[in-house]
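below are the sequence and a predicted model; questions follow.
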Amino acid sequence: MTTASKITLVRVFMIPLVMIAMYLSKGVSGLWMWISLGLFVIASVTDFIDGQIARKCNQVSDFGKFLDPLADKLLVMSAMVWFVEVGWMPAWACFVVIARELAVTGLRLVAVEQGLVI
């Protein structure tokens with residue numbers, strides 16, 4: 001497993017930590033909200049870092065091509081679902097974004113079967 005893929009896995013494992021901190025904040029500005037924001041930012045920065053390492057060190061892999069966008073989607077969608085839960089985002093908007101992401105992922109899978117990488 002490449003270094004870039006390991007960093008992507010760290011991002012995946014950070015998602016529950018972000019969600020726990022968001023839950024503990026109870027939607028109120030305070031320490032737990034700042035902790036959840038910090039964890040979210042760190043997880044987001046790992047996306048940039050793993051991409052840089054993958055390209056710079058020629059560590060681009062099929063596993064990374066699959067896992068990196070999936071990790072991004074999971075991080076953002078889990079936060080959005082929590083926003084709906086606390087009333088910060090309308091459910092219909094969350095639904096539209098999730099439906100779009102599922103459609104794009106489906107198109108990518110079809111493209112991969114055709115030998116194309118998007």
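Received the coordinates, thanks.

contacts and neighbour counts: CA atoms only from here.
OK.

correct me, but V18 touches I42?
No: at 10.0 Å, V18 does not count as touching I42 under the criterion of CA atoms under 8 Å.

in terms of helices and strands, where is W88?
Here W88 is covered by no helix or strand, with elements defined by DSSP states H and E.

quick one: it and V28, what's the gap?
To V28, W88 is 11 Å away according to CA to CA, to the nearest Å.

also A91?
From A91 to V28 the distance is 20 Å (CA to CA).

ditto for L116
Counting by CA to CA, the gap from L116 to V28 is 45 Å.

and the residue nearest the centre of the chain, what is it in contact with?
Nearest to the geometric centre of the chain sits D72, at 2.3 Å (CA atoms, centre = their mean). Shown in contact with D72 (CA atoms under 8 Å, 6 or more residues apart in numbering): S44, D47.

redo that, cut-off 10 Å
T8, R11, V12, I15, A43, S44, D47 (CA atoms under 10 Å, 6 or more residues apart in numbering).

who are the packing partners of the longest helix along the chain?
Criterion DSSP state H: the longest helix present in the chain is helix 31-56. Packing partners of helix 31-56 (3 or more CA pairs under 10 Å, 6 or more residues apart in numbering; DSSP states H and E): helix 3-25, helix 62-85.

what residues sit buried inside it?
In terms of neighbour count (16 or more other CA atoms under 10 Å), helix 31-56 has its buried residues at 32-33, 35-36, 39-40, 43-44, 46-47, 50-51, 53-54.

could I get these as TSV with pLDDT?
Output for the buried residues of helix 31-56, formatted as TSV (pLDDT from 0 to 100):
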residue	pLDDT
W32	94
M33	94
I35	96
S36	95
L39	96
F40	96
A43	94
S44	93
T46	93
D47	89
D50	89
G51	86
I53	90
A54	86
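
want to throw those residues into a markdown table with distance to L67?
Output for these, formatted as a markdown table (distance: CA to CA, whole Å):
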| residue | distance to L67 |
| --- | --- |
| W32 | 28 |
| M33 | 27 |
| I35 | 25 |
| S36 | 23 |
| L39 | 19 |
| F40 | 18 |
| A43 | 14 |
| S44 | 14 |
| T46 | 13 |
| D47 | 11 |
| D50 | 11 |
| G51 | 12 |
| I53 | 15 |
| A54 | 13 |
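
all set, thanks.
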